[in-house]
Each structure stands twice: as C-alpha cells, then as structure tokens.
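S.K.: Sequence and computational prediction follow.
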Amino acid sequence: MAAIAAAASSSGMSESAFRVETTPRLAQWRIETLSSFSYRKSDPFKIGLWNWYLTVERNKQLVVKLYPEPSTMTKEHPPIASFIIKLVSCSAPNLKSVVHPGVCDKQLKNSDDFVWAIDIFFTGKFIIDVEFLDLKTVPQSGGDPSSIWSCYHIEKNSLPIALNSLRRMLTEGIHTDITINTCNGSIAAHRAVLATRSPVFQSMFSHSLKEKELSVVNISDMSIEAFQVFLNYIYGNFNADEFQTHRLALLTASDKYDIADLKEVCHESLLEDIDAKNVLERLHIAHLHRLQSLKTGCLKYLVNFGKIYEIRDELNEFLQGSDRELIIEIFQEILTAWKGF
C-alpha cells in the first residue's frame, strides 16, 4: 500500500485518485486525467459479496475492465452480473456520456471476462459509472442461480439457525418419541429425523413392526458413545475428533442403515491414513462393505510398495481367516505385480 501511495505521489496523484465511491448497487470512479499510453487500476471496492476492481487503459482505444477480486469466494461462487456501465465526461456541456449496451447475467471470474473498448477519447475529467442491476450466484444447496439481494442472506441465515434448532432437539431431548437401546446405554431421538435420513429407519417406523409399537429400537452392536456420534452426524452436530475415534463403527452403521453420504465420508477418511498397523483391518473392512477405492489403496500399499514383506506373520494369520474371494484378489494382485518386474 505504501508503494502505491509513493507511486501516486510521484506521479502527482493522491490516494483518492484510485478510490471508487459506492452505494449498495452503484460504483463511480472519478478519473482526473488520463494521458495517452497510460494504465490505471482502482482500489478494491465492495458491491454485494465480492470485492471488485476497475481498470482503464488509454492506447489506440480507451479500454475499461470490470472484474471481481481473485479469492476463494470468487472461485467457489463466481458472480453472475447484470449491470449498466457508462463513461461520463465532466468537462463537456450537459455531462456527455458513452453508454455500454448493457450486460445481462454474465459470469465474471477474471479480468478478461468483461472488456469494453471505446473509440471515443475524453479530455479532462471523466467518471466511470457502474450500476449493478443484479448479482446472482448458485445457492449452497445447488440449483439455478439466484439473486444475492433477494434470497442469499435469507438462506445464509436460515440454514445455521435450522441446524442449531435440530441440534437442540437432540441435545436437550425436545419432544423425543423413540428410545435407542445400545449395548451399554440408551439415547432418546426423533422418528421423523431418523426416517428422513435413513430408508431403513423409515421402513421400520412405517410398518407394523415392534419398533413402531413399542417406540424402542435395539441396536446391540453399537456402543452408546458411537451411536451418539452417529446421531450427531444425522442431526448436523458434526465433531471431527469424535468422528475420527468412531469412524469404523460409523461406517458399519451407515452401511446397515443406508446413509450413503456418511458411508462415503467414512470411506474417504479411511483412505487417508493407511499404514502397516491398520492395513489388514482396512482391507477386511473394504471387502466387507464393498469399498473398492479402499481395497485398491490397501492392496497397493501392501504389494506395489512392498509392505507385504514387513508384515508376513500378520498377513499369514489374516489369510487363514479371510474370505476366499478376498484371498484370490490378494494373490492376483501379487502375481500382477511380479509380472511387472
């Protein structure tokens, strides 16, 4: 910033020469003077969710550009802009202006997405005036682009509030109507929430099963600690440390109750930290739950990287109790690797 100020001072321009004045939807950049073969870039200015820049270059033509500042926000949610941009001469009588035909629903990601070349040169002071008619982005939930001024803030605020209410329903036991008995304790929950997230629970609560009549579900293959984390995920109360601790149990539960998104999260997590101590366990889990990427990762670790020789005793014991189909896959992988040498 100091370098910009120094450069501005040395060229006879103050910091205000780069400042863009704004209202919520209007931006004006006042250019005191612009000599031939010169280039100028404004300070960033905020309109909507993004910081923006204007640049002006005078060469054979007068070229104006408008673009959002490169950022995570711009990359993940590039603005889709509708605007009117014009140049207004402050020196000419009655404020002579040149108006761009208009831009409608144009996605702007970088400095080359909107370029306006003008053959008319202004002498003296002029204004670059940009009136934003609308700014759209794709909602976090997906779907068609929507205006940030009509619904973005509503969605942005309503989602966290809704999630917080859902968490309170679980943590404070608000109007619970089902009891889950685990192997070492019980937890109260809500049929509607469980049924919404799991087709297995929905079927269980929709038919004349004992769970429907007694308002009790027995899940004896999970601890209360693991099932609490399972419920936390369902209710939007995710905790990374709890997830890491119980992810094997969560994988089994997600497969059993057909919660595909949780199964995929567990799958990706188990792929990240394969080592000599857990590779055989992960291989068994991958085969049991049909996780092809995890199985491939384990076999690659064992065979392609030669770790199979470091755990010979453990592998022999593992093979004695493994499924025949998995044993065949392991030996096929070994034979394929040998052929490659």
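M.R.: Sure thing, it's come through. Every value quoted in this text rests on a predicted model; they were computed, and no experiment measured them.
S.K.: only C-alpha atoms for contact and neighbour calcs from this point on.
M.R.: Fine.
S.K.: List the contacts of I118.
M.R.: Contacts for I118 (C-alpha atoms under 8 Å, 6 or more residues apart in numbering) come out as 61-63.
S.K.: Just the buried ones among the residues you listed, please.
M.R.: Restricting the contacts of I118 to buried positions leaves 62-63, with burial counted as 16 or more other C-alpha atoms under 10 Å.
S.K.: C90: which of the contacts of I118 is nearest?
M.R.: Ranked by distance to C90 (C-alpha to C-alpha), the contacts of I118 are led by L62 at 16.5 Å.
S.K.: Show the contacting residues for the closest one.
M.R.: 56, 117-121.
S.K.: roughly how far apart are the closest residue to S186 other than its chain neighbours and C104?
M.R.: With sequence-adjacent residues excluded and distances taken as C-alpha to C-alpha, 6 or more residues apart in numbering, S186 is closest to I180, at 5.4 Å. From I180 over to C104 the distance is 55 Å, taken as C-alpha to C-alpha, to the nearest Å.
S.K.: which one of these two has more residues nearby?
M.R.: I180 (20 against 14; other C-alpha atoms under 10 Å).
S.K.: Which secondary structure state does that one sit in?
M.R.: strand (DSSP: H, G, I helix; E, B strand; the rest coil).
S.K.: Phi, psi for I174 please.
M.R.: Per-residue torsions, I174: phi -80, psi 110 (degrees, to the nearest 10).
S.K.: for this structure, longest strand please?
M.R.: What stands out as the longest strand in the chain, according to DSSP state E, is strand 126-137.
S.K.: Okay, buried residues for that strand please.
M.R.: In strand 126-137, counting by 16+ other C-alpha under 10 Å, buried: 126-132, 134-137.
S.K.: can you check stretch 55-68 too?
M.R.: Going by 16+ other C-alpha under 10 Å, stretch 55-68 has these buried residues: 55-58, 62-68.
S.K.: Can you flag which of those belong to strands?
M.R.: 55-58, 62-68.
S.K.: What is the nearest of those to V99?
M.R.: V64 (12.1 Å).
S.K.: ok, now which ones touch that closest one?
M.R.: Per C-alpha under 8 Å, 6+ apart, neighbours of V64: 54-57, 115-117.
S.K.: The closest residue to F318 other than its chain neighbours is in what secondary structure piece?
M.R.: Of all residues not flanking F318 in the chain, L280 sits nearest, at 7.3 Å (C-alpha to C-alpha, 6+ apart). If you go by DSSP states H and E, L280 is part of helix 279-288.
S.K.: Residues contacting that helix, please?
M.R.: 270, 274, 291-292, 294-295, 298-299, 301-302, 315, 318, 322, 326.
S.K.: can you rerun that using 10 Å?
M.R.: 248, 251-252, 267, 270-271, 273-275, 290-299, 301-302, 307-308, 311, 314-315, 318-319, 322-323, 325-326, 330 (C-alpha atoms under 10 Å, 6 or more residues apart in numbering).
S.K.: what stretches of the stretch 201-341 of the chain score poorly on pLDDT?
M.R.: 208-213, 339-341 (pLDDT under 70).
S.K.: In it, what residue spans correspond to strands?
M.R.: Remark: strands assigned in the stretch 201-341 of the chain by DSSP state E, counting those that start in this stretch are 216-218.
S.K.: nearest to M222, of the contacts of L62?
M.R.: Checking those one by one against M222 (C-alpha to C-alpha), the nearest turns out to be V56, at 65.1 Å.
S.K.: and that closest one, what is it in contact with?
M.R.: Contacts of V56 by C-alpha under 10 Å, 6+ apart are 31, 34, 38-42, 62-66, 115-117, 128.
S.K.: To be precise, which single item in the residues you listed has the lowest pLDDT?
M.R.: Among those, L34 carries the weakest pLDDT, at 84.
S.K.: That one - how many residues pack around it?
M.R.: L34, neighbours per other C-alpha under 10 Å, totals 19.
S.K.: go on, N218?
M.R.: The burial count for N218: 13, using other C-alpha under 10 Å.
S.K.: same deal with W149?
M.R.: 13.
S.K.: my guess is it meets D134, correct?
M.R.: Yes - counting by C-alpha atoms under 10 Å, D134 is a contact partner of W149 at 7.6 Å.
S.K.: shared neighbours, the two?
M.R.: G48.
S.K.: For the nearest residue to I259 once chain neighbours are set aside, list the residues it contacts.
M.R.: Leaving aside its sequence neighbours, I259 sits nearest to S198 (C-alpha to C-alpha, 6+ apart; 5.8 Å). S198 sits next to 192, 204, 234, 254, 256-260 when contact means C-alpha under 10 Å, 6+ apart.
S.K.: and if you look at D221?
M.R.: 182-184, 227, 249, 252-253.
S.K.: Look up phi and psi at it.
M.R.: The phi/psi pair for D221 (degrees, to the nearest 10) is phi -90, psi 10.
S.K.: Can you give me the distance of it to T252?
M.R.: From D221 to T252 the distance is 10 Å (C-alpha to C-alpha).
S.K.: Okay, the spatially most central residue of the chain and W29: tell me how far apart.
M.R.: For the chain, E76 is the residue whose C-alpha lies nearest the centre (C-alpha atoms, centre = their mean; 7.3 Å). Separation of E76 from W29 (C-alpha to C-alpha) stands at 28 Å.
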